[in-house]
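**Student:** need a 3D model of the sequence below.
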Amino acid sequence: MTKILIIDDEPGIRKTLASILEDEGYTVLTAEDALVGREILEKETINLIFLDVLLPKMGGLEALEQFRKDWPAGEVVMISGHANVDMAVRAVKIGAFDFMEKPLSLDRVLMVCRNALTMQKLRIENTSLKKNVKVQGEEIIGISQPIQHIRELIRQAAPSDARILITGENGTGKELAARAIHRLSDRADRPFVEVNCAAIPDTLIESELFGHEKGAFTDAISSRRGRFEIANGGTIFLDEIGDMSLSAQAKVLRVIQEQKLERVGGEKTIETDIRIVAATNKDLEAACENGSFRRDLFFRLNVIPLYVPALRERKDDIPILLLHFLRELDAGNIELENDAIPFLYDYEWPGNVRELRNLAERIVVMHTGNKVGAGVLKNLIQKKPEFSEKKSNSGAKGDSQIPEIQTIVDLNYNNAKELFEKQYLEYQLARNDGVISRTAEAIGIYPSNLHAKLKKFGIRTER
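**Tutor:** All right, here's what the predicted structure looks like:
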């Protein structure tokens, strides 16, 4: 739905211009000054603004500067009955799409309106292409039977609006599958909005998804659109949906059922037209059994299930993927020696495709020559890294950098669980030289979550 805002202090101009545009099928909102117009912009998704130059309270050029700063996605057409060349040049420099003189011509209004909306669409597409140029160029690489099945399933399901639930371990390429679905759908020219549900605190997830009104909570100093509103007309990708709070799950369920939402702290109902693709590395059926995930939401999301296999389940693809990543990294004519293939097949790849990509980067940075054999791969993967012992202040040998694992069998369940988690994190942190990002990737959690756990257990993070 295309929405146009008219800001003019003359009621006759507002009425005439609104009538012209409504006859063309646009939704039109009006404001008598820039301050009222700003309030509308905080609540509505506006595609185009017709803005008078001479306005009470705040001048049109001053308002134009604010609008271009705070709402850069929309286009602004300036209108004036007292125009001059200098004023028009200044308006265009600030960011106006065009400058029109009163009295307004019907044909020119419609022509400028169509051109401005076309320009807005092109700008959004260009921004999206720049932002995702690397991802959009990627394909689902592989010749294995599971990958062929995934490509066929995506080809069949993408043109529909059916909801898809993508499952699989961390690092298998669930986001890549979601983007492929969007790219092959009828919504490909509309937004693709990704939400990592695990990375957003429970206290903020509803505001992030559905937006909020000014004053809804302490830090809500202005109204804000949520991801569902931003994705309107396109696809929203709810990654790690198994980590979403129950209250947010209830609201997502309502959006699915009614195609409507309300911002946090708001009463206005906002209509939505969104295709939902969700992903998780958790067993949602088990989560339904233990009450941490809504069963009705699970069935709503799982219209078309799509399982992305672990790398060890598609071994034929491993050499192909590695060579593909090396080409992407402009590694030259690197070749795999005969003994490299069995090694790649035998390794379990706990980090899946993400770990394989990291290996390709290590080869480019750390290996010289254009032949890569099993010995090189083994050294770069470092399944069992050796840590040197550190000296105490007295010069005697101290403990190894890897903490010793203590027995937990004599503790009660909760204490044993906490002790195991603390020692496990200390061990993994030591294995990864104290680097938070590397440790988080190795154990399959987000760095922010790892930081919180280290703080909880009082584990020092210095290298």
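
**Student:** distance between whichever strand or helix holds L321 and the chain's centre?
**Tutor:** Taking DSSP states H and E as the definition, L321 sits inside helix 318-328. On the basis of Cα atoms, centre = their mean, to the nearest Å, helix 318-328 is displaced by 25 Å from the centre of the chain it belongs to.

**Student:** try stretch 303-319
**Tutor:** 22 Å.

**Student:** the residue lying closest to G59 once chain neighbours are set aside and I7, how far apart?
**Tutor:** Of all residues not flanking G59 in the chain, V53 sits nearest, at 7.2 Å (Cβ to Cβ, 6 or more residues apart in numbering). For the C-beta atoms, the positions are set from N, CA and C on the backbone; glycine is no exception. When distance is defined by Cβ to Cβ, to the nearest Å, V53 is 10 Å away from I7.

**Student:** residues shared between the contacts of these two?
**Tutor:** Common contacts of V53 and I7 (Cβ atoms under 8 Å, 6 or more residues apart in numbering): G60.

**Student:** so these two - more neighbours on which side?
**Tutor:** Comparing V53 with I7 by other Cβ atoms under 10 Å, the one with more neighbours is I7, at 28 against 22.

**Student:** for that one, what are its contacts?
**Tutor:** Taking Cβ under 8 Å, 6+ apart, we find I7 in contact with 30-34, 36-37, 49-52, 55, 60, 63.

**Student:** switch the residues you listed over to JSON lines; also include distance to F237 and pLDDT.
**Tutor:** As requested, the contacts of I7 are exported to JSON lines (distance: Cβ to Cβ, whole Å; pLDDT from 0 to 100):
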{"residue": "T30", "distance to F237": "36", "pLDDT": "95"}
{"residue": "A31", "distance to F237": "35", "pLDDT": "94"}
{"residue": "E32", "distance to F237": "41", "pLDDT": "94"}
{"residue": "D33", "distance to F237": "40", "pLDDT": "93"}
{"residue": "A34", "distance to F237": "36", "pLDDT": "92"}
{"residue": "V36", "distance to F237": "36", "pLDDT": "93"}
{"residue": "G37", "distance to F237": "33", "pLDDT": "92"}
{"residue": "I49", "distance to F237": "30", "pLDDT": "94"}
{"residue": "F50", "distance to F237": "35", "pLDDT": "94"}
{"residue": "L51", "distance to F237": "35", "pLDDT": "94"}
{"residue": "D52", "distance to F237": "40", "pLDDT": "92"}
{"residue": "L55", "distance to F237": "41", "pLDDT": "91"}
{"residue": "G60", "distance to F237": "39", "pLDDT": "90"}
{"residue": "A63", "distance to F237": "35", "pLDDT": "92"}
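
**Student:** any idea how far E240 is from the residue nearest in space to the middle of the chain?
**Tutor:** Closest to where the C-alpha atoms of the chain average out (Cα atoms, centre = their mean) is E194, at 2.8 Å. The spacing between E194 and E240, counted by Cβ to Cβ, is 11 Å.

**Student:** repeat that for I445.
**Tutor:** Using Cβ to Cβ, I445 is found at 10 Å from E240.

**Student:** more neighbours: these two, which one.
**Tutor:** The neighbour comparison of I445 against E240 (other Cβ under 10 Å) goes to E240, with 20 against 16.

**Student:** name the helix or strand for the closest residue to L106 other than its chain neighbours, please.
**Tutor:** Leaving aside its sequence neighbours, L106 sits nearest to I20 (Cβ to Cβ, 6+ apart; 6.1 Å). Assigned by DSSP H and E, I20 falls within helix 11-23.

**Student:** and what of V76?
**Tutor:** Going by DSSP H and E, V76 is part of strand 75-80.

**Student:** what's that strand packed up against?
**Tutor:** On a contact count with 3 or more Cβ pairs under 8 Å, 6 or more residues apart in numbering; DSSP states H and E, strand 75-80 meets strand 48-52, helix 60-70, helix 85-94, strand 98-101, helix 106-131.

**Student:** which stretches of this structure have low pLDDT?
**Tutor:** 83, 123-138, 382-414, 461-463 (pLDDT under 70).

**Student:** which residues in the stretch 351-463 of the chain form strands?
**Tutor:** 371-372, 389-391, 397-400 (DSSP state E, counting those that start in this stretch).

**Student:** swap in the stretch 151-300 of the chain?
**Tutor:** 164-167, 192-196, 235-239, 260-261, 270-271, 275-280.

**Student:** closest to R114 out of those?
**Tutor:** Distance to R114, taken as Cβ to Cβ, is lowest for strand 270-271 among the strands of the stretch 151-300 of the chain, at 24.1 Å.

**Student:** measure how buried H324 is and give me the count.
**Tutor:** For H324, the tally of surrounding residues (other Cβ under 10 Å) stands at 18.

**Student:** do the same with L311
**Tutor:** 25.

**Student:** who are the contact partners of it?
**Tutor:** T172, D317, I318, L321, W349, N352, V353, E355, L356.

**Student:** need the phi and psi values for it.
**Tutor:** Note on L311: backbone dihedrals following degrees, to the nearest 10 are phi -60, psi -30.

**Student:** any idea how far the closest residue to G351 other than its chain neighbours lies from E289?
**Tutor:** Leaving out its chain neighbours, the residue that sits closest to G351 by Cβ to Cβ, 6+ apart is G171, at 5.0 Å. G171 sits 26 Å away from E289, going by Cβ to Cβ.

**Student:** more neighbours: which of those two?
**Tutor:** The residue with more neighbours, out of G171 and E289, is G171; 22 against 11, by other Cβ under 10 Å.

**Student:** my guess is the more buried one meets N358, correct?
**Tutor:** No: counting by Cβ atoms under 8 Å, G171 stays clear of N358, with 9.5 Å between them.

**Student:** now the common contact residues for the two.
**Tutor:** Between them, G171 and N358 share the contacting residues G351, judged by Cβ under 8 Å, 6+ apart.

**Student:** circling back: so what touches the helix holding L321?
**Tutor:** In contact with helix 318-328 (Cβ under 8 Å, 6+ apart) are residues 141-143, 311, 334, 336, 340-341, 344-345, 349, 353, 356-357, 359-361, 363-364.

**Student:** what subset of those residues is buried?
**Tutor:** The neighbour-count criterion (16 or more other Cβ atoms under 10 Å) marks 142, 311, 334, 336, 340, 344, 349, 353, 356-357, 359-360, 363-364 among the contacts of helix 318-328 as buried.

**Student:** so which of those residues are in helices?
**Tutor:** A340, L344, V353, L356, R357, L359, A360, I363, V364 (DSSP state H).

**Student:** just give me the closest of the residues you listed to N415.
**Tutor:** Closest to N415, out of all of those and judged by Cβ to Cβ, is V353, at 37.7 Å.

**Student:** without its sequence neighbours, what residue ends up closest to H212?
**Tutor:** Distances taken as Cβ to Cβ, 6+ apart place V264 nearest to H212, at 4.0 Å, with adjacent residues excluded.

**Student:** who touches the one you found in this structure?
**Tutor:** Taking Cβ under 8 Å, 6+ apart, we find V264 in contact with E206, S207, F210, G211, H212, E213, A216, F217, A220.

**Student:** let's see it at 7 Å
**Tutor:** E206, S207, F210, G211, H212, A216 (Cβ atoms under 7 Å, 6 or more residues apart in numbering).
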